[in-house]
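1. got a structure for you, letters missing:
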């Protein structure tokens, strides 16, 4: 998410961190180049990593088996690892979403590396319990680094004290302080992901998201996060560096790599050999623009799953009901409304991004898969 809206402010400031301001189920995919059977899926769609674990390939096969037929439901945890949003969906609908996404945003405050930390990423109990219950595990990374004031953490680029001048091209200078911090952070996250791999848990992995920011939306648009501030070429090199470090150095074979498109930013695409899924984030999620986005991305990346990696209400626009989104022709592999920190913590009676009525509508359409349904699909995959 573009954290400029409000995300994390209450918690992160209190912990010495800055926010990153920054119908029916008819199958209409026939003849659209989408898979129709598990057997076809297994043969035609391989992960970028040729050494992917069997569990990871099975999950990828399952995602492909449903693409164009039904969409997979997802939620995201707030700043600490939890399933609060997923639990609310269960309360509202009687069904758990299939995917729960966790964020590595506060690794600097993890107790295994920081004696004064307030969270422990090395304790993966929540993740294990979610996976044990049949849930799909997702992970993203709002990659916070030291702010220019030397005290706080942020992922917002700039010269102000609360912003960061961290340089994504530091991979070209191995003796630089930024490079050493880069390696430190990647290796720390790799340790947590490796725990999941050892437990047989595949992870839908979405790092370095929304890189182009609003560069292509209007004159004067720019990157929202430090990893995009030096432009497309620097970003692609950083993505490939991260891929190499995690896959080849750390031997992480349980990751399904998701790259975020900001639309019209194909120059930022890292390459088919290091990407498994192309995602779109939209907080102006109206049915017609979403359909246009979906069709465009499907045309540009025909060999990739296309997903609505984040969605929700914008500042001035309320997200369309899922029934309208589906009816318009969007066939996202999965969708994930953003969390509402205030609602999660009992400080608001209204969910800002996707409320009870929205979720009830989504599950009522017969086009959305829940946790139990995806568990059965995955278990039956070849």
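-> Done, it's in. Just so we're clear, the structure is a prediction, and the values are computed from it rather than from any experiment.

2. What is the helix or strand harbouring residue 64 packed up against?
-> Taking DSSP states H and E as the definition, residue 64 sits inside helix 54-66. Counting contacts by 3 or more C-beta pairs under 8 Å, 6 or more residues apart in numbering; DSSP states H and E, the secondary-structure elements packed against helix 54-66 are helix 38-44, strand 255-261, helix 371-379. Placement of C-beta: from N, CA and C, glycine included.

3. how about 10 Å then?
-> For helix 54-66, the packing partners by 3 or more C-beta pairs under 10 Å, 6 or more residues apart in numbering; DSSP states H and E come out as helix 38-44, strand 71-76, strand 136-140, strand 203-206, strand 255-261, strand 305-311, helix 371-379.

4. now for those, which one comes closest to residue 334?
-> Go through those one by one with C-beta to C-beta and the one that ends up closest to residue 334 is strand 71-76, at 3.8 Å.

5. Give the pairing partners of that closest one; include direction for each.
-> Pairing partners of strand 71-76, with direction, according to DSSP bridges: strand 99-103 (parallel), strand 334-337 (parallel), strand 368-369 (parallel).

6. Kindly calculate the angle that that strand makes with helix 54-66.
-> Note on geometry: by axes from the mean of the first three to the mean of the last three C-alpha atoms, to 10 degrees, strand 71-76 and helix 54-66 are set 130 degrees apart in direction.

7. Which is the succeeding secondary structure element to strand 71-76?
-> For strand 71-76, the succeeding helix or strand toward the C-terminus, using DSSP H and E, is helix 84-93.

8. Okay, buried residues for that next one please.
-> When neighbours are counted by 16 or more other C-beta atoms under 10 Å, the buried residues of helix 84-93 are found to be 84-86, 88-90, 92-93.

9. What of stretch 172-182?
-> Judged by neighbour count using 16+ other C-beta under 10 Å, the buried positions of stretch 172-182 are 178-179, 182.

10. same check, this time on stretch 185-192
-> Using 16+ other C-beta under 10 Å as the test for burial, stretch 185-192 gives 185-186, 188-190, 192.

11. same deal with stretch 193-204?
-> Applying 16+ other C-beta under 10 Å to stretch 193-204 flags 193, 195-197, 201-204 as buried.

12. So what's the gap between that stretch and the chain middle?
-> Using C-alpha atoms, centre = their mean, to the nearest Å, we find the averaged C-alpha position of stretch 193-204 to lie 16 Å away from the chain's own average C-alpha position.

13. circling back: mind listing which of the buried residues of stretch 172-182 are in helices?
-> Using DSSP state H, 178-179, 182 are the members of those that sit in helices.

14. I'd like these written out as TSV, with distance to residue 302 and pLDDT added.
-> Compiled in TSV, those are given as follows (distance: C-beta to C-beta, whole Å; pLDDT from 0 to 100):
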residue	distance to residue 302	pLDDT
178	37	98
179	36	98
182	33	98
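
15. Closest one to residue 272 out of these, please.
-> Within these, the smallest distance to residue 272 is 24.7 Å, found for residue 182 (C-beta to C-beta).

16. check contacts around the closest one.
-> Going by C-beta atoms under 10 Å, 6 or more residues apart in numbering, residue 182 touches 143, 145, 166-168, 170-171, 174, 176, 238, 241-242, 245.

17. so who does residue 325 touch?
-> Residue 325 touches 71, 285-288, 290-291, 294, 308, 311, 319, 331-332, 335, 361-362, 365, 367, counting by C-beta under 10 Å, 6+ apart.

18. and those residues, which of them are in strands?
-> Secondary-structure check on the contacts of residue 325 using DSSP state E: residues within strands are 71, 308, 311, 335.

19. Quickly check these for the two that are furthest apart.
-> Farthest pair in the ones in strands among the contacts of residue 325 (C-beta to C-beta) is 71 and 311. Separation: 11.2 Å.

20. what is in contact with the two at once?
-> 322, 325, 332, 335.

21. Just list the residues touching the closest residue to the first one other than its chain neighbours, thanks.
-> In this structure, residue 322 finds its nearest non-sequential neighbour in residue 362, 3.7 Å apart by C-beta to C-beta, 6 or more residues apart in numbering. Taking C-beta under 10 Å, 6+ apart as the criterion, residue 362 is in contact with 71, 73, 89, 93, 95, 97, 321-323, 325-326, 335, 337, 354, 368, 370.

22. Compare these and tell me which is most surrounded.
-> Using other C-beta atoms under 10 Å as the neighbour definition, the contacts of residue 362 reach their maximum at residue 97, which records 33 neighbours.

23. For that one, list the residues it contacts.
-> With contacts defined as C-beta under 10 Å, 6+ apart, residue 97 is in contact with 72-76, 83, 85-90, 135-136, 334-337, 359, 362-363, 368-371, 374.

24. burial of the nearest residue to residue 76 once chain neighbours are set aside, as a residue count?
-> Spatially, and ignoring its direct neighbours in sequence, residue 76 is nearest to residue 101 (4.3 Å; C-beta to C-beta, 6+ apart). Counted with other C-beta under 10 Å, the neighbours of residue 101 add up to 25.
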